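[1] sharing a model prediction with you, sequence too.
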Amino acid sequence: MSGLTPENLHKAETIVALYPERRSALIPLCHLAQAQEGYLTEECMEDVALLCGVSAAEVRGTASFYDMLHTEPVGRYVVAVCTNIACMLAGAYSVLTHAEEHLGIRVGQTTHDGLFTLEEAECLAGCDKAVCVQVNHRFFGPVDREGFDRLTGDLASGRLDDEVPHHGVLNRVERTHELEAHRESEGAER
Ligand code: FES
């Protein structure tokens with residue numbers, strides 16, 4: 001395990017410069033660190049702490065509070081099946097039970113090949129897709145038992161690589177334009 005790469009350290013410093021208080025960059029930097037390894041390593045959390053001027057415990061406390069952030073290793077794909085009311089009425093528990101059998105793991109576990117982590121989710125705000133399944137923060141649905149097999153099969157084969165990057169990558173296109181504009185305006189003020 002390692003801390004932030006030189007490239008990500010540079011990105012992190014650029015992000016920190018966007019905020020009047022360094023600590024305000026804590027969540028964006030957690031996402032940056034998570035995109036690097038798929039989860040927040042201890043070393044990356046320490047780097048984020050130094051960059052934000054907070055303690056490593058504060059970074060861990062923040063990261064462990066949010067479902068979107070993981071402080072333990074997860075699979076390439078974090079698959080979350082919503083079991084809240086709309087999805088439950090559409091058969092979510094049947095899909096979730098099937099998912100456990102199909103993947104050979106229980107909720108909260110990761111397959112031996114490191115490909116899938118299975119989670120049970122509260123409402124994902126995709127009720128029109130009930131049963132809604134979220135993979136690395138991308139939404140799929142309605143998903144039934146057969147649809148779950150197709151979805152995980154497509155993920156495993158790489159057929160959805162363009163649509164679903166590895167866990168932690170939020171954006172396919174990184175924001176650079178505004179960051180560069182910000183740096184330019186900073187230079188002009190000097
Ligand atoms: S109840 Fe499942 S997405 Fe809302």
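    Yep, it's here.
[2] got the contact list for the residue positioned nearest the centre of the chain?
    Computing the C-alpha centroid of the chain and ranking residues by Cα atoms, centre = their mean puts Gly168 first, at 3.8 Å. The contact partners of Gly168, by Cβ atoms under 8 Å, 6 or more residues apart in numbering, come to His31, Gln34, Ala35, Gln36, Glu37, Gly38, Tyr39, Asn136. To be clear about C-beta, it is placed using only N, CA and C from the backbone, and glycine gets the same treatment.
[3] same thing but at 6 Å, please
    By Cβ atoms under 6 Å, 6 or more residues apart in numbering, Gly168 lies in contact with Gln34, Ala35, Gly38.
[4] and what of Ser64?
    Going by Cβ under 6 Å, 6+ apart, Ser64 touches Thr71.
[5] which helix or which strand is home to it?
    Using DSSP states H and E, Ser64 sits in helix 56-65.
[6] gap between that helix and the chain center?
    For helix 56-65, the separation from the chain centroid amounts to 16 Å (computed by Cα atoms, centre = their mean, to the nearest Å).
[7] need the next SSE after that helix, C-terminal direction.
    Using DSSP H and E, the helix or strand that follows helix 56-65 towards the C-terminus is strand 77-82.
[8] just the helices from this protein, written as ranges.
    In the chain, the helices defined using DSSP state H lie at 6-16, 26-37, 42-52, 56-65, 85-89, 92-103, 145-157, 177-189.
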